[in-house]
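> okay, structure incoming, though there's no sequence with it:
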């Protein structure tokens, strides 16, 4: 049995890097095409070049290009039809909450309206989630929130480790609701939190430390105070939007 485990690890050591390299390649192609679409350089209705011409133009294999198009199609950015080719979809079909799509949007200038829309979504979802979390959380959820707060305090939001801790905090809130559809939104909410945090630091340091609002929210959830948790989450998001507006105006 030990020998079989060793042989399996040795096989994976060869196979997995190759699979990972392939994934990175078509992921890079999908990113390049996705940014062009999100930025408006390749607007809705545009028919993409044929597979041969496109793969040659991007200097990648036809397989890598084909997989990239499949990725974009799964995110609603393009649609492929027999004999009609691959066309950029109308914006209403884009999965704007997909974490990759959010990342690509923020690699260009996402636009004030889009940023405000993200905060509006958060104001609709997260305060209600915080109230449910206060009523349903377990010790395990509270431990995760506390660990995330410690990470935010230790690293700060100017570095990836601190932003990852911020993501973990918001994920733990949604997970504590016990509501499966809300939990399914956690990766999108977390991505929105991270990218707006990066955006508002692009030209200047954060104007204030957001940790006190996070701690106050945690205290309300830990105490089981649902309405208070709702109010504190709403205030946290309001202040985050105010910080972002300063960045938009600067």
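Nice, thanks for sending it over. Nothing here was measured: the structure is a model prediction, and the numbers come from that model. Numbers count the residues shown, from 1 in each chain.
> tell me which element the residue most central in space within the chain is part of?
In the chain, the C-alpha nearest the mean C-alpha coordinate belongs to residue 191, at 2.5 Å (Cα atoms, centre = their mean). With elements taken from DSSP states H and E, the one containing residue 191 is helix 186-199.
> and if you look at residue 80?
Assigned by DSSP H and E, residue 80 falls in strand 78-81.
> what's stretch 242-250 in contact with?
If you take Cβ atoms under 8 Å, 6 or more residues apart in numbering as the criterion, stretch 242-250 is touched by 112, 115, 119, 196, 199-204, 206-208, 210. From N, CA and C alone the C-beta is placed, and that goes for glycine too.
> test my guess that the residue nearest to the centre of the chain contacts residue 106.
No - counting by Cβ atoms under 8 Å, residue 191 stays clear of residue 106, with 9.2 Å between them.
> about what we covered before: buried sites along the helix holding residue 191?
Buried residues in helix 186-199, counted by 16 or more other Cβ atoms under 10 Å: 186-197, 199.
> export those residues as TSV, with columns for pLDDT and distance to residue 138.
Shown next, in TSV, are the buried residues of helix 186-199 (pLDDT from 0 to 100; distance: Cβ to Cβ, whole Å):
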residue	pLDDT	distance to residue 138
186	91	16
187	90	21
188	91	24
189	92	20
190	89	20
191	90	25
192	91	25
193	91	23
194	89	25
195	89	29
196	88	29
197	88	28
199	85	34
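> now the two most distant members of those residues.
186 and 199 (20.1 Å; Cβ to Cβ).
> hmm, back to that, filter the contacts of stretch 242-250 to the buried ones?
Using 16+ other Cβ under 10 Å, the buried members of the contacts of stretch 242-250 are 115, 119, 196, 199, 200, 201, 210.
> this protein: helices as residue ranges?
2-39, 51-58, 62-74, 99-106, 112-136, 139-155, 160-176, 180-184, 186-199, 211-222, 226-249 (DSSP state H).
> can you redo those helices as JSON lines with distance to residue 86?
Formatted as JSON lines, these follow (distance: least, Cβ to Cβ, whole Å):
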{"stretch": "helix 2-39", "distance to residue 86": "10"}
{"stretch": "helix 51-58", "distance to residue 86": "8"}
{"stretch": "helix 62-74", "distance to residue 86": "6"}
{"stretch": "helix 99-106", "distance to residue 86": "17"}
{"stretch": "helix 112-136", "distance to residue 86": "24"}
{"stretch": "helix 139-155", "distance to residue 86": "41"}
{"stretch": "helix 160-176", "distance to residue 86": "33"}
{"stretch": "helix 180-184", "distance to residue 86": "28"}
{"stretch": "helix 186-199", "distance to residue 86": "25"}
{"stretch": "helix 211-222", "distance to residue 86": "43"}
{"stretch": "helix 226-249", "distance to residue 86": "34"}
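> what's the closest of the buried residues of helix 186-199 to residue 135?
Looking across those and measuring by Cβ to Cβ, the closest to residue 135 is residue 186, at 18.0 Å.
> test my guess that the closest one contacts residue 171.
Yes - using Cβ under 8 Å, residue 186 is in contact with residue 171, at 4.6 Å.
> how much space between residue 43 and residue 37?
Distance of residue 43 to residue 37, computed by Cβ to Cβ, to the nearest Å: 8 Å.
> are there residues contacting both of those two? Which ones?
Shared contacts of residue 43 and residue 37 (Cβ under 8 Å, 6+ apart): residue 88.
> show me where pLDDT drops low in this protein?
Applying pLDDT under 70 to the chain picks out residues 1-23, 249-250.
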